[in-house]
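In: Quick one, structure for this:
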Amino acid sequence: MVRLLIFLAALALAAWGLTWLSDNPGVVTVVWRGVEYKVSLMLALGVVATAAVALTIVWGVLRFVFNIPSLVTLAARARRREKGLLALSRGMIAVGAGDARAAAKHAADAGRLVAHEPMTKLLRAQSAQLAGDREGAVAAYNAMLEHHETHGLGLRGLHHEARRSGDHEAALQYAMRANAHAPAAWAGQAVLDDRARRGDWAGALATVDSNAAARLIDKPTANRWRAVIKTAMAEEAMERDPKAALALAQEACRLAPTLVPAAAICGRLMAGAGDYRRATKILENAYAQTPHPDLAAAYLKVRHGDSTGDRLGRARTLARVAPNDPESMLTIGRAALEAHDQDAARAAAAPLIASDSPRGRPTRRVCLLLADIEESEGHLGAVREWLARAARAPRDKAWVADGVISEKWAPVSPSGTLDAFVWRTPDERLAPYIEPPPVEPEVPPAPPEIAAPVAPQVVEPARRAPPSPAPAPRAGVMIDPAAMAPDDPGPGEPPVENRDFPLYASE
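Out: From the prediction side, this is the model:
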């Protein structure tokens, strides 16, 4: 709209000028080689305008003719750049597809056509990595350090190459250089992982603070990692300095109230200091968020002089915090068994083995608890039954990180990642494989020992045990089948060592 108004204004101005010239005619006199020429003003202006247009056209043609070599050079450069960018694009696609030969070919083409592009250096490094040429990759990343735009990218590539080769010291140095050059999330995380892997908790805590100050991590994550580091420091200081360990554990609980190890350590240390009320409150609050065996064990042992009956009462009190969780039922069942109250133990475990239980099959700890209950009542056949079921039962919750199952929490995973362990049910594929007992294909499996006793003629007289006031030699176990657990243990008996599965990770 503005341009239209300007054009109309210029057109009106030109019309007004022509009108003024027509109203004020004049004569222009030109003397050329002694001859005097007189023309009107309008004609003179027209001749001047025509001459200006003609000179402009001639100048443009001459300029185009003289610029033809430059234009040819620019066109060649444009075609060269276009081919280089196409090679870069195809090379990146080849790297993503895992085609090392095509990636190397396109990287060579890009290096010949557009060697000055930063992406060319990156493609060269990645194609070398894909081909397994570590020296070529390191050389490409070192070349990136010469330019400001690719300096950080080169340091990150050198950091990854150093970690692949196992040179953690060099990897740390590259990460620290990158963090000093321009703070980046990967560099801060790499420094933190190295400090945590080495157990340098003071350095790890300082790194978390610096990363949080640079806004590389958000505040909730920073508080969580601070709590994990302080918990690790408290765990190390529990024996030599309980007071300092208690202060660290309290700070960790304040930063992350749901962190199970921090609450367990804090509860134990407070109970050891005689502050039973605060220890009970901290453990109950943490158990309400995450029912965990360590919290239950610390809660039952808050008062060291309590009897087994008192611990059973405390177990029932703790179960009210999370009444529907299997951990509460297991805690009551184990405490009742220690108090020699088999009926209460069976009643606590009954919902965990019911056929319509939403939890499915009983887990390993449930089977082992029932085996202990049967053993306390002298039902040996049922003990073997539950032990056999424990060998095939689903796993209970455990600390899982990097595909590793651990009964004990650790602040750092096997790969060196801080706060990687998660309390969850492990995948079945992570569970250790249990080799079944060998069975001869020709001979059918023998029936369980609940079958009829072995006939006397099978036992040779020379192998009979000497007479003693103890019960008769074992030729079979007679047990009422109605008193047996529902499942068949199978043809083989599992080793007795499987019963050493701890109820609490702290035991």
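
In: Output the below-cut-off pLDDT ranges for the chain.
Out: 355-360, 428-507 (pLDDT under 70).

In: longest helix in it, by residue count?
Out: helix 68-97 (DSSP state H).

In: helices and strands around that helix, which ones?
Out: Packing partners of helix 68-97 (3 or more C-beta pairs under 8 Å, 6 or more residues apart in numbering; DSSP states H and E): helix 100-113, helix 118-130. C-beta coordinates here come from the backbone N, C-alpha and C atoms, glycine included.

In: Would you point to the one among these that's packed deepest?
Out: Highest mean neighbour count among the helices and strands packed on helix 68-97 (mean count of other C-beta atoms under 10 Å): helix 118-130, with a mean of 23.

In: So what touches that helix?
Out: For helix 118-130, contacts defined as C-beta atoms under 8 Å, 6 or more residues apart in numbering pick out 84, 88, 91-92, 94-95, 98, 100, 103-104, 106-107, 110-111, 114, 134, 136-137, 139-141, 143-144, 147, 149-150, 153-154, 157, 161.

In: Just the buried subset of the residues you listed, please.
Out: 84, 88, 91-92, 94-95, 100, 103-104, 106-107, 110-111, 114, 136-137, 140-141, 144, 150, 153-154, 157, 161 (16 or more other C-beta atoms under 10 Å).

In: most remote residue from the protein's center?
Out: G34 (99.1 Å; C-alpha atoms, centre = their mean).

In: Next up, the contacts around it.
Out: Contacts of G34 by C-beta under 8 Å, 6+ apart: none found.

In: Torsion angles phi and psi at it?
Out: Phi and psi for G34, reported as degrees, to the nearest 10, are phi 80, psi 0.

In: again, but for M238
Out: phi -60, psi -40.

In: Not counting its neighbours along the chain, what's nearest it?
Out: Distances taken as C-beta to C-beta, 6 or more residues apart in numbering place A245 nearest to M238, at 4.6 Å, with adjacent residues excluded.

In: element containing the one you found, please.
Out: helix 242-255 (DSSP states H and E).

In: would W399 count as being in a helix?
Out: No. Secondary structure of W399 (DSSP: H, G, I helix; E, B strand; the rest coil): strand, not part of a helix.

In: My read is that it contacts K408, right?
Out: Yes. Counting by C-beta atoms under 8 Å, W399 touches K408, with 6.9 Å between them.

In: So those two - more neighbours on which side?
Out: More crowded of W399 and K408, by other C-beta atoms under 10 Å: W399, with 22 against 11.

In: In contact with the more buried one, which residues?
Out: 405-410, 421-423.

In: Run through the bridge partners of it.
Out: S406, W423 (DSSP bridges).

In: and the gap between it and S413?
Out: 10 Å (C-beta to C-beta, to the nearest Å).

In: Can you work out which residues contact both of those two?
Out: Joint contacts of W399 and S413 (C-beta under 8 Å, 6+ apart) are F421.

In: hang on, V31 is in a strand, isn't it?
Out: Yes. Looking at V31 with three-state DSSP, it is inside a strand.

In: Find me whatever residue is spatially closest to it, sequence neighbours aside.
Out: Y37 (7.4 Å).

In: strand partners of the helix or strand harbouring that neighbour, parallel vs antiparallel please.
Out: Per DSSP H and E: Y37 is located in strand 35-40. Partners of strand 35-40 in the sheet, by DSSP bridges, are strand 27-32 (antiparallel).

In: And for the strand it pairs with, what's in contact with it?
Out: Counting by C-beta under 8 Å, 6+ apart, 36-41, 43-44 sit against strand 27-32.

In: out of the residues you listed, which are buried?
Out: A44.

In: Might you calculate how far stretch 294-308 sits from the centre of the chain?
Out: In this view, stretch 294-308 has its centroid 35 Å away from the chain centroid, taken as C-alpha atoms, centre = their mean, to the nearest Å.

In: first vs last residue of it, how far apart are they?
Out: Length of stretch 294-308, first residue to last, C-alpha to C-alpha, to the nearest Å: 18 Å.

In: Please spell out which residues along that stretch are buried.
Out: 294-302.

In: Stretch 69-88: which residues count as buried?
Out: 84-85, 87-88.

In: So which residue is smack in the middle of the chain?
Out: Note on the chain: the residue nearest the mean C-alpha position is A420, at 6.8 Å, using C-alpha atoms, centre = their mean.
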